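Peer 1: generate a structure from the sequence data that follows.
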Amino acid sequence: MTTISRERAICMFYHLDYDKTKASELLNAIEKLDFEICYKDDPCKPFLLYTNSIKADPYNYLTYQKITEAPEKNNQSEVKTKKIGKVLVNQAQLINFLNTVLILSFINANKQIKKMRIV
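Peer 2: Have a look, this model is predicted:
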């Protein structure tokens, strides 16, 4: 599964190389218009959608996670990160993965139930 941040997705949408400052400017511009960058099935195919449309159908329109800066050791708790084999797993990545898998399995189960009712 591909993990793409909200910042990288906005650059992909506008066909630009990823740049932190440019991504920030683009995100501010779409937020002023009340749009959000999201995807439907494939996170590699971002598109813009009105924020209320996403809220009305959150199972079909999925949003990207924001980049979280590394927390300061003085004020904030540390991000839990574990190294499993050669893969580095972040708690936020794990939660995002589980939410995506569970939502997709829920949607597929509903489709199967609808097919069974039709027959």
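Peer 1: which SSE is Ser105 in?
Peer 2: Using DSSP states H and E, Ser105 sits in helix 91-118.
Peer 1: measure Asp57 to His15 for me?
Peer 2: In this view, Asp57 and His15 are 27 Å apart by Cβ to Cβ, to the nearest Å. Using the backbone N, CA and C atoms, a C-beta is placed for each residue, glycine as well.
Peer 1: related to what we said a few turns ago, what comes up buried for the helix holding Ser105?
Peer 2: Residues Asn96 are the ones in helix 91-118 that count as buried (16 or more other Cβ atoms under 10 Å).
Peer 1: so how far is it from its chain's centroid?
Peer 2: Relative to its chain's centre, helix 91-118 lies at 15 Å (Cα atoms, centre = their mean, to the nearest Å).
Peer 1: what average pLDDT does it get?
Peer 2: Averaging pLDDT along helix 91-118 yields 73.
Peer 1: output the contacting helices and strands for it.
Peer 2: Using 3 or more Cβ pairs under 8 Å, 6 or more residues apart in numbering; DSSP states H and E, no helix or strand is in contact with helix 91-118.
Peer 1: of Asp57 and His15, which one has the most company?
Peer 2: Taking other Cβ atoms under 10 Å, Asp57 and His15 do not tie; Asp57 has more neighbours (9 against 6).
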